[in-house]
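Student: Here is a sequence with its predicted model. Questions after.
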4 protein chains.
Amino acid sequence: MFKFRTKVYYEDTDSGGVVYYANYLKFIERARTNLIQELGFSLKSLSEKYDCHFVVKNIHCSYIQSAKLEDELSIQTKFIDIKKASFELEQNIYKDDKVIFKSKVLMVIINSTGKPIKIPDSLSSVINV
Amino acid sequence: MFKFRTKVYYEDTDSGGVVYYANYLKFIERARTNLIQELGFSLKSLSEKYDCHFVVKNIHCSYIQSAKLEDELSIQTKFIDIKKASFELEQNIYKDDKVIFKSKVLMVIINSTGKPIKIPDSLSSVINV
Amino acid sequence: MFKFRTKVYYEDTDSGGVVYYANYLKFIERARTNLIQELGFSLKSLSEKYDCHFVVKNIHCSYIQSAKLEDELSIQTKFIDIKKASFELEQNIYKDDKVIFKSKVLMVIINSTGKPIKIPDSLSSVINV
Amino acid sequence: MFKFRTKVYYEDTDSGGVVYYANYLKFIERARTNLIQELGFSLKSLSEKYDCHFVVKNIHCSYIQSAKLEDELSIQTKFIDIKKASFELEQNIYKDDKVIFKSKVLMVIINSTGKPIKIPDSLSSVINV
């Protein structure tokens, strides 16, 4: 389980007074980038060294409760499946220890021509499902 | 079937050279707002007259092909289910008549206290499933 | 004078109930892209044919009145100066014929290595200051 | 001088490979929110207790060098002027100790009807120009 914290700013909210629904996808992407860095890589190094890029193939989101301006959110990410050229994540967002957003994200690994490629061994070896 | 067209600008893209994955949710939200207006309502009138607000409860998205800067996209929206206080939409995005993004969106109707309410009759009467 | 219309969606607003201040810069960038297309070019063709890219060097913005959800805005753009490798625009936003936002934008033309380059003749010849 | 750090994510970049020009305004707004919190307030408490809201009236920005994916940025904010119902900030962004973006921001304090109001004493008393 990887935990990442982020704060809600004006840019994230809409005139409904809550976080705009698409922006939760920004929050969980920030968490994924930090997870990659926590594992000892960077998006840049994976791109330059392995021509390895991550794309979201499918996402399923459930909106449970809204977040508001200045809320402190915790995004909790875990690997739930890993295949040769893809992996699946569960990424849930918590506010004061209460889950407010749940998602499952299927990521595919591609090269710069858009073709699926095998996850680099050095990366897959540090992923625990 | 309701069709809405939108163009891809720099703001929509990311350094991967394609539209950032969360921004497709902006595109389909624009289509929903225009659909409401096409049906003879506005978000403002529904809020002021009926204290009626739409929130996304669940969304499932499939990313099939990427969109790029200056692409012209067509968002095609149809109602696939309607209940007392909710409805479900299919919202697919096309580029040159090829589907590049598919989604199913469950919307709930709430009042300003966040409680689910019945869809106003004048609105439900013009929705065809 | 080039006129471009855009509508305010939820994505553009914030919890203050009005358009988030940074998003006016998105609106005027959309107008610039459409202006380039109106002049017979595209960002893609300028990039591929001339290795010509536009970057904002300076911008001065005045916020006069706020825009709200579902507002229809008109962005009016005119060239106020053109030099060898740069040009200056005035880009004002109107709501119901009343100006709500004013800006002056200095754009520089660069190649893909980031070096300022001469504006392509075919482009500068159709720009009227 | 108030320092605030933020990281560049995919959401901040565009297909030019760098941070989209409007997003620097998000970064400096995050810094302003954190500055208010550092001074012992919150946007929420200022709104609820004093009906006090901040709006940007004018902004002047200079783009000096571009930021890229995964860059760590430092936003440095200082008050340069304070009046009865407004204050001016200088907000510069640094990457590796090199300034890449400079701005001057005139903020006005208004109440919820949009009328300029006096800065609350408890806030102005902790502002050093």
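Tutor: Alright, I've got the coordinates.
Student: Give me every residue in chain A lying close to chain C.
Tutor: Contact residues (Cβ under 8 Å from any Cβ of the partner chain) of chain A with chain C: A:Tyr10, A:Glu11, A:Thr13, A:Asp14, A:Ser15, A:Gly16, A:Gly17, A:Val18, A:Tyr20, A:Ala22, A:Lys68, A:Leu69. Where C-beta positions appear, they are placed from N, C-alpha and C, glycine not excepted.
Student: from the residues you listed, which is closest to chain D?
Tutor: Set against chain D, the nearest of those by Cβ to the nearest Cβ is A:Glu11 (4.6 Å).
Student: Check whether that closest one really touches D:Lys26, as I assumed.
Tutor: Yes - the pair A:Glu11 / D:Lys26 is scored as a contact, 4.6 Å apart, by Cβ atoms under 8 Å.
Student: what is in contact with those two at once?
Tutor: C:Ala22 (Cβ atoms under 8 Å, 6 or more residues apart in numbering or on different chains).
Student: Quick check, pLDDT for the residue of chain A most remote from its centre.
Tutor: Residue farthest from the centre of chain A, counting by Cα atoms, centre = their mean, is A:Ser15 at 25.7 Å. A:Ser15 is assigned 97 on the pLDDT scale.
Student: follow-up on the earlier one: dump the residues of chain A next to chain C into a markdown table; add secondary structure and distance to chain B as well.
Tutor: Shown next, in a markdown table, are the residues of chain A next to chain C (DSSP: H, G, I helix; E, B strand; the rest coil; distance: Cβ to the nearest Cβ, whole Å):
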| residue | secondary structure | distance to chain B |
| --- | --- | --- |
| A:Tyr10 | helix | 17 |
| A:Glu11 | helix | 13 |
| A:Thr13 | strand | 14 |
| A:Asp14 | coil | 10 |
| A:Ser15 | coil | 9 |
| A:Gly16 | coil | 7 |
| A:Gly17 | coil | 9 |
| A:Val18 | coil | 9 |
| A:Tyr20 | coil | 8 |
| A:Ala22 | coil | 4 |
| A:Lys68 | coil | 12 |
| A:Leu69 | coil | 16 |
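Student: Of the residues you listed, which count as buried by neighbour count?
Tutor: A:Tyr10, A:Glu11, A:Thr13, A:Asp14, A:Ser15, A:Gly16, A:Val18, A:Tyr20, A:Ala22, A:Leu69 (16 or more other Cβ atoms under 10 Å in any protein chain shown).
Student: and the two most separated of the residues you listed?
Tutor: The most widely separated members of these, counting by Cβ to Cβ, are A:Ala22 and A:Leu69 (16.7 Å).
Student: filter the buried ones among the residues of chain A next to chain C by proximity to chain D?
Tutor: Within the set of these, contact with chain D (Cβ under 8 Å from any Cβ) is found for A:Tyr10, A:Glu11, A:Leu69.
Student: Could I get the contacting residues of the first one?
Tutor: Taking Cβ under 8 Å, 6+ apart as the criterion, A:Tyr10 is in contact with A:Leu69, C:Asp14, C:Ser15, C:Gly16, C:Tyr20, D:Glu29, D:Thr33.
Student: can you do 7 Å?
Tutor: A:Leu69, C:Asp14, C:Ser15, C:Gly16, C:Tyr20, D:Glu29 (Cβ atoms under 7 Å, 6 or more residues apart in numbering or on different chains).
Student: Relative to A:Arg32, how far out is it?
Tutor: A:Tyr10 sits at a distance of 24 Å from A:Arg32 (criterion: Cβ to Cβ, to the nearest Å).
Student: The second one too?
Tutor: Between A:Glu11 and A:Arg32 the distance, using Cβ to Cβ, works out to 20 Å.
Student: rewinding a little: which residue, neighbours along the chain excluded, lies closest to the residue farthest from the centre of chain A?
Tutor: Sequence neighbours aside, C:Thr13 is the residue nearest to A:Ser15 in space, at 3.7 Å (criterion: Cβ to Cβ, 6 or more residues apart in numbering or on different chains).
Student: what sits against that neighbour?
Tutor: Contact analysis of C:Thr13 by Cβ under 7 Å, 6+ apart lists A:Asp14, A:Ser15, C:Val19, C:Tyr20, C:Leu69.
Student: Check A:Val19 too.
Tutor: Contacts for A:Val19 (Cβ under 7 Å, 6+ apart) come out as A:Val8, A:Asp12, A:Thr13, A:Ser66, A:Ala67.
Student: is it in a bridge, and if so with what?
Tutor: Beta-bridge pairing for A:Val19 (DSSP bridges): A:Thr13.
Student: cool, and A:Tyr94?
Tutor: A:Ser74, A:Val99.
Student: Report the separation between it and chain B.
Tutor: According to Cβ to the nearest Cβ, to the nearest Å, A:Tyr94 and chain B sit 19 Å apart.
Student: Count the residues that sit near that residue.
Tutor: 16 (other Cβ atoms under 10 Å in any protein chain shown).
Student: Please apply the same query to A:Val126.
Tutor: Neighbours of A:Val126 (other Cβ under 10 Å): 11.
Student: List the contacts of it.
Tutor: Contacts for A:Val126 (Cβ under 7 Å, 6+ apart) come out as A:Leu39, A:Gly40.
Student: which bits of chain A sit near chain B?
Tutor: With the criterion set to Cβ under 7 Å from any Cβ of the partner chain, chain A comes near chain B through A:16, A:21-22, A:25-26, A:53, A:55-63.
Student: ok, 8 Å please
Tutor: When proximity is defined as Cβ under 8 Å from any Cβ, chain A approaches chain B at A:16, A:21-23, A:25-26, A:29, A:53, A:55-63, A:66, A:114.
Student: which residues of chain A fall in helices?
Tutor: Under the criterion DSSP state H, chain A contains helices at A:23-38, A:43-50, A:121-124.
Student: can I get the ones you listed in a markdown table with mean neighbour count and distance to D:Ser125?
Tutor: Below are the helices of chain A laid out as a markdown table (neighbours: other Cβ atoms under 10 Å in any protein chain shown; distance: least, Cβ to Cβ, whole Å):
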| stretch | mean neighbour count | distance to D:Ser125 |
| --- | --- | --- |
| helix A:23-38 | 21 | 35 |
| helix A:43-50 | 15 | 45 |
| helix A:121-124 | 14 | 53 |
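Student: Out of those helices, flag the one nearest B:Ile80.
Tutor: Nearest to B:Ile80 among these is helix A:23-38; the distance by Cβ to Cβ comes to 22.6 Å.
Student: A:Asn8 and A:Lys95 touch, don't they?
Tutor: Let me fix one detail, which is that residue A:8 is Val and not Asn. No - applying Cβ under 8 Å, one finds A:Val8 not in contact with A:Lys95, separated by 9.1 Å.
Student: The two: which is more packed in?
Tutor: Higher neighbour count among A:Val8 and A:Lys95: A:Val8, with 21 against 18, using other Cβ under 10 Å.
Student: what's near enough to touch the closest residue in space to that one that isn't next to it in sequence?
Tutor: Closest residue to A:Val8 apart from its sequence neighbours, by Cβ to Cβ, 6+ apart: A:Asp71 at 4.5 Å. For A:Asp71, the contact set (Cβ under 8 Å, 6+ apart) comprises A:Lys7, A:Val8, A:Val19, A:Lys95.
Student: Export those residues as CSV, with columns for pLDDT.
Tutor: Formatted as CSV, the contacts of A:Asp71 follow (pLDDT from 0 to 100):
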residue, pLDDT
A:Lys7, 98
A:Val8, 98
A:Val19, 98
A:Lys95, 98
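Student: Which one of the residues you listed is nearest to chain B?
Tutor: Using Cβ to the nearest Cβ, A:Val19 comes nearest to chain B of the contacts of A:Asp71, at 11.4 Å.
Student: if I look at that closest one, how far off is A:Tyr9?
Tutor: The spacing between A:Val19 and A:Tyr9, counted by Cβ to Cβ, is 10 Å.
Student: same deal with A:Lys57?
Tutor: 29 Å.
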